[in-house]
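In: give me a 3D structure for the following:
(chains A and B)
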Amino acid sequence: MLIKYFATFRDLTKENSLVLTDAPTNIAELLELLSVRYGAAFRAAVFENGELSSVMILLVNGRNVRITGGLATPVSPDDEVSVFPMVAGG
Amino acid sequence: MNGWIGTTLRVDLTRGTIKREPTNMKVAHDYIGARGMGVKIISDEVDPSVDALGPDNKLVFAPGPFTGTFAPSAGRYNVITKSPLNGTIAGSNSGGVFGPELKFAGYDALIIEGQAKKPVYLWIKNDVVEIRDASAIWGMTVADTTEALREQTDPDAKVACIGPAGENLSLIASIMNEMHRAAGRTGVGAVMGSKKLKAIAVIGTGEITVADPDAFKAAVMDARGKIQANPVGGAGLKAYGTDVLVNILNQSGALPVNNWQDAYSPAADKIGGESLAANQLVRPKGCFACIISCGRATKVTNPLYAGVGEGPEYESAWAFGVDSGIDNLDAVIKANYLCNEYGIDTISMGSTIACAMELYELGLLTKKDTDGLDLSFGNAAVMVEMVRKTGVGEGFGKRLQEGSYRLADSVGRPDLSMTVKKQEMPAYDPRGVQGIGLNYATNNRGGCHVRGYTIAVEVLGQGAPTDPHATEGKAALDIVFQDLTSALDSSGSCLFATFGIGGAELAGMLTALTGVEYSLDEFMKIGARIWNLERLWNLKVGYTTADDTLPARLLTEPIKTGPSKGRVNHLDQMLPEYYALRGWDANGVPTPAKLADLAL
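Out: Residues are numbered from 1 along each chain as shown, chains lettered A, B, ... in the order given. All right, here's what the predicted structure looks like:
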C-alpha cells in the first residue's frame, strides 16, 4: 500500500510517502497503524473523538472516504492512499 | 443611509462629463450592490446588441455594502459590462483595497460611458473628480502605471488600471488593482481599453455608517470566529495558498493535463502549494479586512525566470503548469508575473497556450505561425515567451490575445478550445467531478468555477459531501451554489468567507449593517434574481440551450490515466433537471411564473 502525504502531513510525518507492508483491512486500522508509527501529533490530526477527523481529506484511489464509509472504508495492499489537511482554494 | 453611500458616479468619456447622482435605493435593496447592482444597471441601460468594444457599452465598477467595513474579507468590488470575449453580461471581481477606497470616496457605483478620443485616466478624491490626460502613461505596464499615477496624484492613491493587453483590446485582458490583484475574467480589460481609459486613481476619506453598530459588531465577530475556527479559512489557505489544490485535484483524478487530454499528472507535485511554500514563497498576503490571507508574495531567484511579485493562485499554476505540460514552477510564476504586468487573465492565457500547443503538435500550427518557436507541450521557455508576445501584441501573440476559441476555430478545430461560451474553463475536470461540469455548462459568463464552487462538497468533502462521480442531486446542488455566490458577490464579501460562514451569517450581517431586513430566504432569492437577470441578457444576445454544454472532449473522450480513468461527463443526465428546478422551460428560458416570483 502506498501512502502519500501532503501539506502539513509532510511536516507531521517528515516524509512525502510511505510504502506500507502491513495489511490493514480498513481506514480505521490504517490510521491506527500510522498513529503508532508517527505518534501523538499525527493521531490528533487524524482522529477526532474516535471518529475520522473533520479537518482532514483522505482519499483511497482518488475517492474521498467521507463518501465511501469513513473509518470503515475497506483498503487493500494495492491501494494508494492520499492524506491532506482540510484545505481549499479557487 | 447605512451600508450603502447613496451616491453613484457617472462619467461620460465621449462628452467629458461627470455627474454625481443618487443611487437607486430600490435597486440597492433588491440587488444588494456590486455584481447585482452592476448587472441591473447594464441590463437597464445597455442594449444587448451593442458592440462590446464600442462607445455604447458601459463599464460599471461597484463595491458592495460590506466593502470597506470590518466584515470579514470585505474588500471586493465587481466590474460589470458586456463581455467582448463572448457577449455575455460579464463581470469579474477583485480584492485588494481599491474597492474599499472607492466606497470611502463616496460611491456605491462608478459608471463609465462613451469613449474618449485620446487616452485618459480618472482621478477621484472624494467628490472631486477629474478626467485627466493619460497620453504619457499609455503603453506602460501595470506596475509602471500605478507608480506614475501615485506620483501624479497622491502617494496613497489606490489604482485600478489596464496594461498593454487591455490597450491592445485583447479579449482576455484583465483590470488590475494594487498591481497584483485582478478582475481577470471575461475580457473586462479590453472594454476599458476601448474607452481609452487607462486607469482610475482614487483616494477616499469618508465613512460608512452602520444601522445597528452593536448588532453588526456581534454578527461580524461571530462570522470572524467561525472563519478562523474553520481549518480552511483559519490556517489552511494562509499556509499554502490556493495552489495547495494542485495535489488534491491530481490525486482525485480531476486535474486537467495537456489541454485536457488527461486528468492526472505524475509531475503535479512540482507546481503545487507545498513546493511553492518551500521554494518561492516570501509571505502570505491578504486583502482589505481579510483574516484569511490566501495571497502569495513570491520571489524567483532562478536567473532564467527571476522576479518578485505575487502569485500564483491554483488556477494560474495549473494553466501555465500541467495543462501546458510544464512542471517548472519558476517558469509558471514568471508567466504569472508577466500577466500581472501586461494585464492578462492567467486562466485564459495559460489555457490558450495549452490549446496552441495541442494545435502545434497536431501540425495545425507550425513554426511559420509561432514566430519560429517550438510550441510543444512542456517547453517552459517558449510558454513564458508566448505570454510576453501576447502582452505586447507581437507576432503570434496577436492571435493568442483573442483566446483559445478564436485560435482553434481559425484552424478548423474549435472543439480543441477548452471553453464554455468561448471562455476558458478553470482547473477542475468535469469528467472526474460531474457537478462542476453542470456549473460550467450553465454558468452565465461561460467557463467559471467561482460562481458555483461545488468542488467544496464534491471533492473536498466539506459540509454534506457528495460523490463527485454521481449525477443525482447535482442540479439542485449547483443552483444553491450559484445563487449563494450571486448574492455573496453582490455583498462585497470574498467567496473564501464561505469557508466558515454561509448565507445565514451573511444575511445577518447585511441586516445589521443596512437596517434592511434580509432573511436567508430573501438573500438566496436575490441571488436567483441576479442569476435569472443575467440569463435573460444572454438569451437576448442569442445564446440558446445549445450553448449550455461542454467541449465534446469532456463528453465523449474518457480520461486516460489516474483515479478517474475511463470517465466522461454526463451533462445530459443533469441539464434537464437543472432547467426544471430553475423554473425554466425546455429551451432554458425562465417561465413567466418564475420571472414573476423573482420580480423580474
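In: which residue packs closest to residue B:465, ignoring adjacent ones?
Out: residue A:66 (4.3 Å; CB to CB, 6 or more residues apart in numbering or on different chains). Just so you know, the C-beta spots here come from the backbone N, C-alpha and C atoms, and that holds for glycine as well.
In: kindly report the same for residue B:115.
Out: With sequence-adjacent residues excluded and distances taken as CB to CB, 6+ apart, residue B:115 is closest to residue B:55, at 3.9 Å.
In: what is the burial count for residue B:29?
Out: 16 (other CB atoms under 10 Å in any protein chain shown).
In: just checking, it touches residue B:515?
Out: No: if you go by CB atoms under 8 Å, residue B:29 and residue B:515 don't touch, sitting 10.5 Å apart.
In: confirm the residue nearest to residue B:465 sits in a helix?
Out: Yes: checked against DSSP: H, G, I helix; E, B strand; the rest coil, residue A:66 lies within a helix.
In: show me what contacts residue B:37?
Out: B:27-28, B:31, B:60, B:62, B:64, B:108-109, B:490 (CB atoms under 8 Å, 6 or more residues apart in numbering or on different chains).
In: would you tell me which residues of chain A are close to chain B?
Out: When proximity is defined as CB under 8 Å from any CB of the partner chain, chain A approaches chain B at A:4, A:6-8, A:10, A:16, A:54-55, A:57, A:59, A:61-64, A:66-67, A:82, A:84-90.
In: which of those residues fall in helices?
Out: A:8, A:10 (DSSP state H).
In: out of the residues of chain A next to chain B, which end up buried?
Out: Taking 16 or more other CB atoms under 10 Å in any protein chain shown as the criterion, what is buried in the residues of chain A next to chain B is A:4, A:6-8, A:10, A:55, A:57, A:59, A:61-64, A:66-67, A:82, A:84-90.
In: these in strands, which ones?
Out: If you go by DSSP state E, these have A:4, A:57, A:59, A:63-64, A:82, A:84-85 in strands.
In: switch the residues you listed over to TSV; also include distance to residue A:50 and pLDDT.
Out: Output for those, formatted as TSV (distance: CB to CB, whole Å; pLDDT from 0 to 100):
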residue	distance to residue A:50	pLDDT
A:4	25	98
A:57	19	95
A:59	21	98
A:63	23	97
A:64	20	97
A:82	23	98
A:84	21	95
A:85	19	92
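In: identify the farthest-apart pair in the residues you listed.
Out: Largest separation among those by CB to CB: A:63 and A:85, giving 18.2 Å.
In: how about the CA coordinates for the longest helix seen in chain B, as PDB?
Out: When chain B is parsed with DSSP H, its longest helix is helix B:520-541. Taking C-alpha atoms only, helix B:520-541 is exported to PDB below (Å, rounded to 0.1, in the frame of the first residue of the first chain):
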ATOM      1  CA  LEU B 520     -31.700  33.700   4.500                       C
ATOM      2  CA  ASP B 521     -34.600  33.100   2.100                       C
ATOM      3  CA  GLU B 522     -34.500  36.600   0.800                       C
ATOM      4  CA  PHE B 523     -30.700  36.600   0.400                       C
ATOM      5  CA  MET B 524     -30.900  33.400  -1.700                       C
ATOM      6  CA  LYS B 525     -33.900  34.800  -3.700                       C
ATOM      7  CA  ILE B 526     -31.800  37.900  -4.600                       C
ATOM      8  CA  GLY B 527     -29.100  35.500  -5.800                       C
ATOM      9  CA  ALA B 528     -31.700  33.800  -8.000                       C
ATOM     10  CA  ARG B 529     -32.900  37.100  -9.200                       C
ATOM     11  CA  ILE B 530     -29.400  38.100 -10.300                       C
ATOM     12  CA  TRP B 531     -28.800  34.800 -12.000                       C
ATOM     13  CA  ASN B 532     -32.000  34.900 -13.900                       C
ATOM     14  CA  LEU B 533     -31.400  38.500 -15.000                       C
ATOM     15  CA  GLU B 534     -28.000  37.500 -16.300                       C
ATOM     16  CA  ARG B 535     -29.700  34.600 -18.100                       C
ATOM     17  CA  LEU B 536     -32.200  36.900 -19.700                       C
ATOM     18  CA  TRP B 537     -29.400  39.100 -21.100                       C
ATOM     19  CA  ASN B 538     -27.700  36.100 -22.500                       C
ATOM     20  CA  LEU B 539     -30.900  34.900 -24.200                       C
ATOM     21  CA  LYS B 540     -31.200  38.400 -25.800                       C
ATOM     22  CA  VAL B 541     -27.700  38.200 -27.100                       C
END
